[in-house]
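Undergrad: below: sequence and its predicted model.
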Amino acid sequence: MKSTENKSSLINFTDYLSAKYDADSINITHSLIDEEVHLKISVTNSKTPSRLTLVNKNTNNLKVIAEINVESQSSFELIDENNYEMDTSFTMDTYLGDGSVFELYRFNKFKAETRNSFLHTCSLSKNSTFKDYNFTTGSDLTKNQTKINLNEKNSNYIGSGVVISNSSKCENYLDIRHLSDSAKSDCSFKAVSRGKSNVSFNGKVFVDEKCFNTVSNQISKGLLMDKDSKVNLTPILEINNDDVICSHGAASGKADEEILFYLASRGIAKADAERLYIQGFLSEFIGKIDDSEMQTKRRKYIIENC
């Protein structure tokens, strides 16, 4: 079964997965092959952001393979704001044309017993920008793996990830490859680990020997809320020339008992004090989103899942 949809506000990929979109500049081709949803999304002539929002009905395990092309001078927003109660697998390949902008927002709450994976490769052309914002609660096993290819001059990656994990395992991998001059990358990651959760972040930045005037920053932080909680942070820099400005940092630690005690002395219950502490730990990430609507969504998800 194959079909192509244009100029429509709602498209059904299956009886359990659909999408809302609001611009004539988005073209979608889709097919269902062995219970896998295959998507091809093309964005053209869109100087103001075209938006596509996924809608999941949680009646089946979900497997999606998507190819996204954002053509030159176009702008595209993809939003996945779903609570998943079944297993999920997303594989995405994204190609950004000259001067294009792609913004990916994922606000996902997974059922504890499920297994979920997200694999994304994004290749950037000259003067293009990819803004990557992710929120997840973790599950029995959650894997997020993102590879960024900064292929041409002045390409730019901005990434911000938040994990709040309760007695689960969440693995996060980020591979940023600077393959041309004057490319920039800025990545920040924060994890809150509760109960027996085990959260890991492996962030690698590679700079080719012919890539001059490179700027790259990476910061990762972890907060341990219980004695059996774990956060493992592994930043890696592979720099092959000297004309770069690169930095990285990683730190994890337990919640400050003095602050929690102070909150308790003011009559705040332990659970509420911990929620306030976590919200404070994560608050700086809300401001990293330019879009005020998406800022509100991230703030809401943090408050609801602390």
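TA: That came through, no problem. As the structure is a computational prediction, the values presented were derived from the model and not from experiment.
Undergrad: quick one: mean pLDDT for stretch 134-152?
TA: Per-residue pLDDT values over stretch 134-152 give a mean of 93.
Undergrad: do the same with stretch 162-182
TA: On average, stretch 162-182 scores 93.
Undergrad: endpoints of that stretch, how far apart?
TA: 28 Å (C-alpha to C-alpha, to the nearest Å).
Undergrad: and the residue of the chain most remote from its centre, how far from I245?
TA: In the chain, the residue that sits farthest from the middle, by C-alpha atoms, centre = their mean, is S265; the gap is 37.5 Å. Relative to I245, S265 is positioned 45 Å away (C-beta to C-beta, to the nearest Å). Any C-beta I mention is one placed from the backbone N, CA and C, and that applies to glycine too.
Undergrad: so what's D243 closest to, chain neighbours aside?
TA: F212 (4.2 Å; C-beta to C-beta, 6 or more residues apart in numbering).
Undergrad: confidence score at the one you found?
TA: 93.
Undergrad: that one reaches I239, doesn't it?
TA: No. Using C-beta atoms under 8 Å, F212 is not in contact with I239; the gap is 11.7 Å.
Undergrad: more neighbours: which of those two?
TA: Taking neighbours as other C-beta atoms under 10 Å, F212 and I239 compare with I239 leading, 17 against 14.
Undergrad: burial measure for the closest residue to that one other than its chain neighbours, as a count.
TA: The spatial neighbour of I239 that comes closest, neighbours along the chain excluded (C-beta to C-beta, 6+ apart), is V207 at 4.8 Å. Residues near V207, counting by other C-beta under 10 Å, number 24.
Undergrad: and the helices in this protein?
TA: 257-265, 270-286, 292-305 (DSSP state H).
Undergrad: nearest to S128, of the ones you listed?
TA: Closest of these to S128 is helix 292-305, at 19.8 Å (criterion: C-beta to C-beta).
Undergrad: ok, and what's touching that closest one?
TA: Under the contact criterion C-beta atoms under 8 Å, 6 or more residues apart in numbering, helix 292-305 has outside partners 81, 105, 107, 109, 133, 135, 137, 162, 164, 275, 278-279, 282, 285-287, 289.
Undergrad: circling back to that earlier point, next up, the contacts around the residue nearest to D243.
TA: 181-182, 241, 243-244.
Undergrad: same thing but at 10 Å, please
TA: 180-182, 241-244 (C-beta atoms under 10 Å, 6 or more residues apart in numbering).
Undergrad: widest-spaced pair of those?
TA: For the contacts of F212, the maximum inter-member distance is 17.0 Å, found between S180 and D242 (C-beta to C-beta).
Undergrad: which of those two has more residues huddled nearby?
TA: Set S180 next to D242 and count neighbours by other C-beta under 10 Å: S180 wins out with 22 against 6.
Undergrad: how close does the more buried one sit to D140?
TA: Distance from S180 to D140, by C-beta to C-beta: 40 Å.
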